[in-house]
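> When you get a sec, could you give me coordinates for this:
(chains A and B)
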Amino acid sequence: MSTVTSTRRLHFHGQGGKLFSIFLVNMILTVLTLGIYYPWARVAVMRYMYQETELDGSRFMFHGTGKELFLGFIKALLIFGSLNLLFILLLSTEDLILTIIGFLMFYSSMMTLIPIAIHGAASYRLSRTSWRGIHFGYRGSRSELMRRFHLDALLTLVTLGIYSAWLTVHVRRYVLGHMRFGNVEFRYTARGSEYLILHLKGYFFTLLTGGIYLFWYVKNIFNFWVNNTCLVQNGQKISLRAHATGGDFFKLLFPNIMLVVFTLGLGTPWAMARSMRFMLKHITIEGALDTNSILQTEKIYKDATGVQMADMLDLDFIS
Amino acid sequence: MSLYKATYYTGQSSQGHEVTITLRDGTVFISYPGEGSWPVYVQWQFAGVKKLSASGSLSTYQWGSFPEQSIVTGDPELVALLDQNLSLFEKHYSHLLKGGLALRAGLVLFFFGLVALFYFILVPGTTAFLADQIPQQVEIDMGEQVYASVISEYQEGKRLSLLANEFARQLDFSTAYPIRISVVQERELNAFALPGGRIIVYDQLLHRLESPEAFAALLGHEVAHVKRRHSLKSLCRTLSNNLFISLLVGDLNGVTSLLVENADMLGSLHYSRGLEQAADQEALDVLVKNQLDQQGVVHLMETLQAAHTVTPIRLLSSHPLTQDRIAWARQHCQQSSGQENKDLVRLWEEIKKEKR
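Below is the predicted model of the structure:
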């Protein structure tokens, strides 16, 4: 059987009903343990979503554990907690100099922690993902990411936020570019200017059409992420292509919103399953990807501090 | 000895191998035809086998340290054998998830029952207990801090405050809290109590009241809030409810959070109304204890109602509606009871003389 085909896609086999059961058990155990179960609850959802995603007949696996997430949470809490404490202490002295130092320290540490969180989150999530036993990995350098992020953050400040389009794209380009699937590499070739125009267009047309354009806005964002991403195997490029239309997004989002609102939120698992199935259905992998010759090259990474920090900072770096 | 079929991954490459597996003496024997003419043999210690996933009919198991080897099999006998390694929790967990509609419905009911238990009994019970543990001095200090920031928003009528405090000193409220009254210049009719004993009264309310007994009833009502630590309890209850709710639905989605938070708000209003009713009862008790005319409570309610031009909606009001309170007062207050207190009357006349 030839594994070197020219077009393939991922499939999502998960069902809303199954996910609902997981959510239910999650909530019960979380209440019974007064919240401690929460990291294990998240792992349960991730494991299900991963294992129901299939490529070439094999499923993805998530290796993260509740214990790892819990430890990461404690560490992230300590870091943010002590920063906050220091900040409050400096402010409470009501000394002008100390207060200014406090603000400077707080904002600069936030600036530094964001790239650290992104680095840690990428390392953890990718290392804990595998397919046919081959783990994903992250080869980025924390200091390099920090350097680029600081520069872009400064420019964003100076341009009153406009440069944030470039900031987002640059971060994504760096992270994806250093992502590995065994010995398969990734590339992200988007440009910040395209991203800015995409959002300007989306914002204004949505206003002009009283919201109708929204579905095409979402489609544009989806296309922007997918079409600019590609894999590289043994020097060969394998592209990702998005195939959804604005109308398709309407058929996804509108029923999803109804589903969630009219069930007072209970329908969320079904909406999640629908969305996942939709997205994978509308992405194709085009090129000669040999799924039988991917080699194990990545290292293990079990520290979940970055993931939890990214969570606390509300960062959404890849998905 | 049984032979089972599975797909094996070495953990070094994504190339899968169709293998045959046998189990013997706590060891899993895996073999497959190799590159040349020699078959490849792999051994796993049964105790170290971990289950990675189960989806549909296929189960995945892994063994070893990073990068782990793994097998994927659909053979139910092999799955049953390897699943013996699962912990008790894992076994019950997967059983729960596989359950059909009946089990799922049961889980939903259990969940709602659990939430109801927490929301209506455990959380309020614990917070009331914790609120009661706060030492009185801490509460008084806290009240002073709040008072300091609150009073700066108002213009205080110093003479009226003096008289009001004199008035209050004539009454026995049966409390160890230091009751201190501040009368402030405001057009509305209102009065409220802070934790620790500070009470703020709007001067317009003072002017509208027509008898010293009505004022005594008002003070009795506010002191009840102080004595029973109502604001402290309300605060604790709100905080713990918010914590509980965000624990429960915070991560789900914005719609559910919004709905549940609003439902909780309605619930807390109901709680407030209960407290207000209790304070009304205590106002009556104060009049009785000080041998004053119980109709003072009725007069107080009537004055409050006269000032209301719009009838608020019952569900959204934190006070029981004044009509309800008047009806309650008329029912419970005896007619022509108590005696006149000369000191109170004298002070009341002085208060009445003070105009802004």
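> which residue packs closest to A:Lys237, ignoring adjacent ones?
A:Cys230 (5.5 Å; CB to CB, 6 or more residues apart in numbering or on different chains). Quick note: C-beta positions are derived from backbone N, CA and C, even for glycine.
> Could you double-check that the one you found sits in contact with A:Arg241?
No. Taking CB atoms under 8 Å as the definition, A:Cys230 is not a contact partner of A:Arg241, at 9.7 Å.
> Which one's more surrounded, these two?
A:Cys230 (20 against 16; other CB atoms under 10 Å in any protein chain shown).
> Just the element for A:Val169, please.
Element membership for A:Val169, per DSSP states H and E: helix A:164-177.
> That helix - contacts with which helices or strands?
When contacts are defined as 3 or more CB pairs under 8 Å, 6 or more residues apart in numbering or on different chains; DSSP states H and E, helix A:164-177 packs onto helix A:96-127, helix A:142-158, strand A:184-188, helix A:192-208.
> Where among these is average confidence lowest?
For the helices and strands packed on helix A:164-177, mean pLDDT drops lowest on helix A:96-127, to a mean of 89.
> what about it and chain B, touching?
No. Using CB under 8 Å from any CB of the partner chain, helix A:96-127 stays clear of chain B, coming no nearer than 8.9 Å.
> Let me see the contact set for A:Ala273.
By CB atoms under 8 Å, 6 or more residues apart in numbering or on different chains, the contact list for A:Ala273 reads A:Phe12, A:Gly14, A:Gln15, A:Gly16, A:Leu19.
> Just the buried subset of the residues you listed, written out for PyMOL, thanks.
Buried members of the contacts of A:Ala273, defined by 16 or more other CB atoms under 10 Å in any protein chain shown, are picked up in PyMOL with:
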select buried, chain A and resi 12+14+16+19
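> just checking: which of the contacts of A:Ala273 also lie near chain B?
Answer for the contacts of A:Ala273 near chain B: none qualify (CB under 8 Å from any CB).
> possible to save the contacts of A:Ala273 as TSV with secondary structure, pLDDT and distance to B:Val298?
Below are these laid out as TSV (DSSP: H, G, I helix; E, B strand; the rest coil; pLDDT from 0 to 100; distance: CB to CB, whole Å):
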residue	secondary structure	pLDDT	distance to B:Val298
A:Phe12	strand	96	69
A:Gly14	coil	93	66
A:Gln15	coil	92	64
A:Gly16	helix	92	60
A:Leu19	helix	92	60
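> List the buried residues for the helix or strand containing A:Cys230?
A:Cys230 belongs to strand A:229-233 when assigned by DSSP H and E. By neighbour count with 16+ other CB under 10 Å, strand A:229-233 contains the buried residues A:Thr229, A:Cys230, A:Leu231, A:Gln233.
> What's the first helix or strand after it?
Counting by DSSP H and E, what follows strand A:229-233 is strand A:236-242.
> ok, B:His299 touching B:Arg208?
No. Using CB under 8 Å, B:His299 is not in contact with B:Arg208, being 10.3 Å away.
> More neighbours: which of the two?
B:His299 (20 against 15).
> tell me the contacts of that one?
Contacts of B:His299 by CB under 8 Å, 6+ apart are B:Leu209, B:Glu210, B:Ser211, B:Glu213, B:Ala214, B:Ala217.
> Buried ones in the helix or strand that B:Ala131 is a member of, by neighbour count?
Assessed by DSSP H and E, B:Ala131 sits inside helix B:123-133. For helix B:123-133, a neighbour-count test (16+ other CB under 10 Å) marks B:Val123, B:Pro124, B:Thr127, B:Ala131 as buried.
> and of those residues, the nearest to chain A?
Lowest distance from chain A to those (CB to the nearest CB) belongs to B:Val123, with 10.6 Å.
> how much space between A:Asp56 and chain B?
9 Å (CB to the nearest CB, to the nearest Å).
> Then A:Gly120?
For A:Gly120, the distance to chain B - CB to the nearest CB - is 18 Å.
> pretty sure that residue is in contact with A:Val307, am I right?
Yes. Between A:Gly120 and A:Val307 there is a contact at 6.5 Å, judged by CB under 8 Å.
> With distance to B:Gln305 as added columns, please give the buried residues of helix B:123-133 in TSV.
Formatted as TSV, those follow (distance: CB to CB, whole Å):
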residue	distance to B:Gln305
B:Val123	35
B:Pro124	31
B:Thr127	33
B:Ala131	32
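> Just the closest of these to A:Thr93, please.
B:Ala131 (31.7 Å; CB to CB).
> any idea which residue sits dead centre in chain B?
B:Asn241 (1.9 Å; CA atoms, centre = their mean).
> tell me the contacts of that residue?
B:Tyr119, B:Val123, B:Asp264, B:Gly267, B:Ser268.
> right, and the last one touches B:Cys236 too?
No. The pair B:Ser268 and B:Cys236 fails to qualify as a contact (CB under 8 Å) at a distance of 11.5 Å.
> neighbour count winner among the two?
Regarding B:Ser268 and B:Cys236, a neighbour count based on other CB under 10 Å identifies B:Cys236 as having more, with 21 against 15.
> Surely the more buried one is within a helix?
Yes. The assignment for B:Cys236 by DSSP: H, G, I helix; E, B strand; the rest coil puts it in a helix.
> Count the residues that sit near residue 80.
Just so you know, I chose chain A. Quick note: A:Phe80 (other CB under 10 Å) scores 17 neighbours.
> please go with chain B instead
Neighbour tally, B:Ala80, other CB under 10 Å: 10.
> one step back: is it possible to export the helices and strands packed on helix A:164-177 to JSON lines including distance to B:Ile181?
Output for these, formatted as JSON lines (distance: least, CB to CB, whole Å):
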{"stretch": "helix A:96-127", "distance to B:Ile181": "38"}
{"stretch": "helix A:142-158", "distance to B:Ile181": "52"}
{"stretch": "strand A:184-188", "distance to B:Ile181": "69"}
{"stretch": "helix A:192-208", "distance to B:Ile181": "55"}
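> okay if I get those as a markdown table plus mean neighbour count and distance to A:Thr168?
Formatted as a markdown table, these follow (neighbours: other CB atoms under 10 Å in any protein chain shown; distance: least, CB to CB, whole Å):
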| stretch | mean neighbour count | distance to A:Thr168 |
| --- | --- | --- |
| helix A:96-127 | 18 | 11 |
| helix A:142-158 | 15 | 9 |
| strand A:184-188 | 18 | 11 |
| helix A:192-208 | 15 | 7 |
